[in-house]
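[1] structure for the following, please:
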Amino acid sequence: MLLVAIYGSPRKNGNTDLMADAFIEGASSAADNRTERIYVRDLDISGCLGCGHCDRSGRCVQKDDMEKVYALLDSADRVVMASPIYFYGLPGQLKLLVDRSQASYMRQELKRKESGFATPSEGQSSLSRRKGFLLSAGATRGKRLFECAILTARYFFDALNIAWEGELCFREIEQKGAIAHHPTALDECRKAGRDFMR
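    Below is the predicted model:
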């Protein structure tokens, strides 16, 4: 089973990187699993042009590092996205990846229409197999701190025909490495990783 881990933070070895590492550690305890990591901060990804090319072809007209990402996401059985909160949403670098996933969605839509299925839910037998999970941390304690990130992640997974499995989000985590001092956070991430691969 392939787990693709999307490291969405621009800060190397930051809190959500540590959360993703712990999640993968838990996931690796299950047999016959392998992990591919996507470090968004190391990729050259341009923003969506809104040109409509993928609406007709299912392919993005732009040639950049998203081509590697598309291949990994297409083959993933499980996807975990780890992201800090910037202004109550995902960081810009990660949002570029999410926006550019429109091409993957349109590729599926075109295949569905070609096969004659009337609704998107028809022909999506893989939905129950492919699952997605969000890990997040934010500096404030705002009641709605994670709402935008969760909504974006849910629709990202839905567009990729990946079922939403859940999220782990921690408030009042700001300084680099602060998550390691939280009494339960990394253990919770390890447990979530183990459960996610079942």
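[2] can we go C-alpha only for contacts and neighbour counts from here?
    Noted.
[3] residues in contact with the residue lying closest to F170 once chain neighbours are set aside?
    Counting by Cα to Cα, 6 or more residues apart in numbering, F170 lies nearest to A137, which is 4.7 Å off, once chain neighbours are set aside. Counting by Cα atoms under 8 Å, 6 or more residues apart in numbering, A137 touches N15, T16, S83, P84, I85, C169, F170, R171, E172, I173.
[4] hang on, isn't the first one packed against E172?
    No. The pair formed by N15 and E172 falls short of the contact definition of Cα atoms under 8 Å, at 11.4 Å.
[5] bridged to the residue nearest to F170, which residues?
    Following DSSP bridges, A137 is listed with bridge partners P84, F170.
[6] which parts of the protein are helices?
    Taking DSSP state H, the helices of the chain run over residues 15-27, 53-57, 66-75, 92-100, 102-115, 147-159, 185-196.
[7] please produce CSV containing the contacts of A137, extended by neighbour count and distance to P91.
    Compiled in CSV, the contacts of A137 are given as follows (neighbours: other Cα atoms under 10 Å; distance: Cα to Cα, whole Å):
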residue, neighbour count, distance to P91
N15, 26, 14
T16, 29, 12
S83, 29, 7
P84, 30, 7
I85, 22, 7
C169, 21, 15
F170, 19, 16
R171, 17, 16
E172, 14, 17
I173, 22, 16
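[8] same list (these) but as a markdown table, adding distance to R190 and pLDDT.
    Converted to a markdown table, those look like this (distance: Cα to Cα, whole Å; pLDDT from 0 to 100):
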| residue | distance to R190 | pLDDT |
| --- | --- | --- |
| N15 | 14 | 98 |
| T16 | 13 | 98 |
| S83 | 16 | 98 |
| P84 | 18 | 98 |
| I85 | 21 | 98 |
| C169 | 14 | 98 |
| F170 | 15 | 98 |
| R171 | 18 | 98 |
| E172 | 20 | 97 |
| I173 | 18 | 97 |
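[9] pipe those into JSON lines and attach distance to Y39 per row.
    Below are the contacts of A137 laid out as JSON lines (distance: Cα to Cα, whole Å):
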{"residue": "N15", "distance to Y39": "14"}
{"residue": "T16", "distance to Y39": "12"}
{"residue": "S83", "distance to Y39": "11"}
{"residue": "P84", "distance to Y39": "13"}
{"residue": "I85", "distance to Y39": "16"}
{"residue": "C169", "distance to Y39": "20"}
{"residue": "F170", "distance to Y39": "21"}
{"residue": "R171", "distance to Y39": "23"}
{"residue": "E172", "distance to Y39": "24"}
{"residue": "I173", "distance to Y39": "21"}
